[in-house]
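In: sequence-free structure coming up:
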């Protein structure tokens, strides 16, 4: 069922010179860096792989769903019985 792993997101393979296969993003391990450092690094790095729309927006939305998720005391499937 879609959404069973909210801490993970799947990115499709890339075309071009690099040719990465499917990639899995795991939100369990987050790293933060100062924005200035990242901007300067990006400016000096030259050509690099980028996530293009709509995949960029899909990844951002998946992260937002994971980050704002409220920890429930029981699995969501337990609430399906209430709607019946």
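Out: Structure's in. What do you need? Source: prediction; values computed, not measured.
In: from here on, contacts and neighbour counts on C-alpha atoms
Out: OK.
In: check the offset of stretch 42-52 from the chain's centre.
Out: Mean-position distance between stretch 42-52 and its chain equals 18 Å (Cα atoms, centre = their mean, to the nearest Å).
In: what separates the first and last residues of that stretch, distance-wise?
Out: One end of stretch 42-52 to the other measures 16 Å (Cα to Cα, to the nearest Å).
In: give me the residues contacting the longest helix along the chain.
Out: The single longest helix within the chain, with elements called by DSSP state H, is helix 55-67. The contact list for helix 55-67 (Cα atoms under 8 Å, 6 or more residues apart in numbering) reads 6-9, 11, 27.
In: where's the dip in pLDDT among those residues?
Out: Lowest pLDDT of those: residue 6, 81.
In: where along this protein do the strands fall?
Out: Using DSSP state E, the strands of the chain run over 8-11, 23-26.
In: what's the mean pLDDT across the last one?
Out: Pointing back at strand 23-26 there. For strand 23-26, the per-residue pLDDT averages 93.
In: can you give the strand pairings for it, parallel or anti for each?
Out: With DSSP bridges as the test, strand 23-26 is paired with strand 8-11 (antiparallel).
In: and the strand it pairs with, what's buried?
Out: Residues of strand 8-11 classed as buried: 8-9, 11 (neighbour count, 16 or more other Cα atoms under 10 Å).
In: wait, which of those is closest to residue 39?
Out: Proximity of the buried residues of strand 8-11 to residue 39 (Cα to Cα) peaks at residue 11, which lies at 23.1 Å.
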